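> Here is a sequence with its predicted model. Questions after.
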Amino acid sequence: MNKMLDVNNIEFFEKVETPFWFYDMDLLRATVGKVVSLAGRYGIDVHYAVKANEEKRILEYISSMGLGADCVSGNEVIHARDCGFPADRIVFAGVGKSDREIADALKAGASFNCESLQEIFIVNAMASRLGIRAKVSVRINPGVDAHTHRYITTGTYENKFGISDYEFAPLVDLLGRCSCIDFTGLHFHVGSQITDVEEVFSLVCTRVNSIVEWFEKRGLEVRNINLGGGLGVDYEDPDGQPIADFETWFGTVSGKIRRRAGQSLHLEPGRSIVAQCGTLVSRVLFVKVGETKNFLILDAGMNDLIRPALYGAYHRIENLSARLRPNLPQSQVYDVVGPVCESSDVWGAGRFLPLSVRGDLMAIRSAGAYGQSMSSRYNLRDLAPAVYSDDMHGARLRTEYFQE
């Protein structure tokens, strides 16, 4: 059962200061358990993409289940280590690594996914100066369109990510001259929120098989094949599909990728592990009745969850308080907006919701990924705290300003 809809929980939430992030830990455990089970069945190594959500308690649980960490900044590498991920299970990716980040990751014992020839040269030089050998995979741009939003597609030749085929020959030559690099494999990632799983990943695997064969014919042993992440979640019906379709994803890539003896296959899910377990809980500050529209103005804004304002992402919105008064009208039309002084601070236009009043609790669903991790203090707004389903006693209680 969705813990957000439990009447006892809703009554407790009424007493809590908003906005806050609510994490359903039972759902997180079930999701990670599914991933671990399928990884064992198909012989796939899984690293969690830390950028999706870096909450310490969430990372500590994921690391305890044996998953590795995919990091895209030096601070993520350090944070992953502090949350229990062993150094040999931490991979440092990202298109722009600073000298400090490279040095810190080398000293920490993390491995690298490099995204340009110049980066490989710099990692080798830094490793030489420190007297360290660097384990390096190379991110390849496969030229595959993932059929997703243009802001979260990463595998076409117009993207900043990865090395394209015109650089393959210089790459082989460079790796042959890097004395402090141990080449470990090839990394591919074509985008996020992919729902055409079989179609897209079948195309990806066909292209990857061809690229791996090209490099191995030229003397580079590709020990690891990393297909990145990208599995989508159901933002429209989070209760109907609380766990993403890992079965199709794992089964497709396992069946389509050619693996010889000693060659490992890696995946890096982020969104699909944490999105559905997280909800942003907010409160209606004002109901504004216009000539043509009615507005619900919430106390959570784009500084808390920027996805809708950034690229029009959809999140299901539910009125939790209305569940305690089922006899009132259940179908009104509202534009649901936030308090930030930007016209793009809109949660959803023309949403059908129960009759809503000042003080109602609103749930913005499927917010566990790229929500809290992308929060800011724009307008000097406070950062919303986390509340966990199995430990709600630490929640900050609401102050009632109209009581004597």
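Nice, thanks for sending it over.
> what are the bridge partners for L267, then?
Here L267 sits in beta bridges with V46, going by DSSP bridges.
> That one and F250 touch, don't they?
Yes: using Cβ atoms under 8 Å as the test, L267 is close enough to F250 to be in contact (7.4 Å). No exception for glycine: its C-beta is placed from N, CA and C like everyone else's.
> quick one: common contacting residues for the two?
Shared between the contact lists of L267 and F250 (criterion: Cβ atoms under 8 Å, 6 or more residues apart in numbering) are residues A39, I44.
> Show the end-to-end separation of stretch 104-112, please.
End-to-end distance for stretch 104-112: 12 Å, by Cα to Cα, to the nearest Å.
> again with stretch 317-326
Start and end residues of stretch 317-326 are separated by 17 Å (Cα to Cα).
> ok, now which ones touch A105?
Applying Cβ under 8 Å, 6+ apart to A105 gives the contacts G74, V77, F92, K97, F112.
> what secondary structure does it sit in?
Applying DSSP: H, G, I helix; E, B strand; the rest coil to A105 yields a three-state assignment of helix.
> If you rank the contacts of A105 by neighbours, which is first?
Highest neighbour count within the contacts of A105, by other Cβ atoms under 10 Å: F92, with 28 neighbours.
> Quick check: bridge partners of that one?
C71, F112.
> Now do the same contact list for it.
With contacts defined as Cβ under 8 Å, 6+ apart, F92 is in contact with C71, V72, G74, V77, E101, A105, A110, S111, F112, N113.
> Just to be sure, the fifth one is in a helix?
What that stands for is E101. Yes: per three-state DSSP, E101 lies within a helix segment.
> Give me the neighbour count for it.
Other residues near E101 come to 20 when the count uses other Cβ under 10 Å.
> Tabulate the contacts of A105 (TSV), appending pLDDT and distance to F22.
Conversion of these to TSV gives the following (pLDDT from 0 to 100; distance: Cβ to Cβ, whole Å):
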residue	pLDDT	distance to F22
G74	97	30
V77	98	28
F92	98	31
K97	98	34
F112	98	36
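> any idea which of the residues you listed is closest to A322?
Of all those, the one sitting nearest A322 is V77; the distance, using Cβ to Cβ, is 44.3 Å.
> Not counting sequence-adjacent ones, nearest residue to that closest one?
For V77, ignoring the flanking residues on the chain, the nearest one in space by Cβ to Cβ, 6 or more residues apart in numbering is C71 at 4.7 Å.
> Now do the contacts for the one you found.
Under the criterion of Cβ under 8 Å, 6+ apart, the neighbours of C71 are V50, K51, V77, A80, I90, V91, F92, A93, G94, A110.
> what residues go with each domain of this protein?
Annotated domains of the chain cover 3-21+276-388, 93-269 [automatic domain parsing].
> The ones you listed: which one's closest to A39?
Smallest distance to A39 across the domains of the chain (Cβ to Cβ): 7.3 Å, for domain 93-269.
> quick one, phi psi at V287?
Note on V287: its backbone torsions stand at phi -110, psi 120 [degrees, to the nearest 10].
> and which of the contacts of C71 is nearest R139?
Within the contacts of C71, proximity to R139 (Cβ to Cβ) peaks at A93, which comes in at 7.1 Å.
> Against L171, how distant is the closest one?
In this structure, A93 and L171 are separated by 17 Å, where distance is defined by Cβ to Cβ, to the nearest Å.
> Give me the more crowded residue out of the two.
The residue with more neighbours, out of A93 and L171, is A93; 26 against 21, by other Cβ under 10 Å.
> which residues touch the more buried one?
With contact taken as Cβ under 8 Å, 6+ apart, A93 is in contact with D70, C71, V72, F112, N113, E115, R139, H187.
> center of the chain, which residue is that?
Within the chain, one residue has its C-alpha closest to the average C-alpha position: by Cα atoms, centre = their mean, that is A52, at 2.7 Å.
> pLDDT value on the closest residue to that residue other than its chain neighbours, please?
Distances taken as Cβ to Cβ, 6+ apart put G270 closest to A52, at 3.2 Å, once the chain neighbours are dropped. pLDDT for G270: 97.
> how close does G270 get to V16?
Using Cβ to Cβ, one obtains 27 Å as the distance from G270 to V16.
> What of R396?
When R396 is compared with V16 (using Cβ to Cβ), they lie 7 Å apart.
> what's the closest residue to I132 other than its chain neighbours in contact with, if anything?
On the basis of Cβ to Cβ, 6+ apart, the spatially nearest residue to I132 that is not a chain neighbour turns out to be L106, at 5.0 Å. Applying Cβ under 8 Å, 6+ apart, we find L106 in contact with V123, M126, A127, L130, I132, A134.
> which of those count as buried?
Buried positions within the contacts of L106, assessed by neighbour count (16 or more other Cβ atoms under 10 Å), are V123, M126, A127, A134.
> burial measure for the nearest residue to F13 once chain neighbours are set aside, as a count.
If you skip the residues right next to it in sequence, F13 has L361 as its closest partner in space, 5.5 Å away by Cβ to Cβ, 6+ apart. One way to gauge burial is a neighbour count; for L361, by other Cβ under 10 Å, it gives 23.
> beta partners for L361?
Assessed by DSSP bridges, L361 has beta-bridge partners R283.
> can you count the residues close to the nearest residue to L203 once chain neighbours are set aside?
The shortest distance from L203 to any residue other than its chain neighbours is 5.4 Å, reached at V144 (Cβ to Cβ, 6+ apart). A total of 22 residues lie near V144 under the criterion other Cβ under 10 Å.
> wait, V144 sits on H189?
No: V144 lies out of contact with H189 (Cβ under 8 Å); the separation is 10.1 Å.
> how close does G219 sit to A261?
From G219 across to A261, the span is 18 Å (Cβ to Cβ).
> who has more neighbours, those two?
With neighbours defined as other Cβ under 10 Å, G219 and A261 compare such that G219 has more, 9 against 4.
> Excluding chain neighbours, give the residue nearest to the more buried one in space.
The spatial neighbour of G219 that comes closest, neighbours along the chain excluded (Cβ to Cβ, 6+ apart), is V172 at 7.4 Å.
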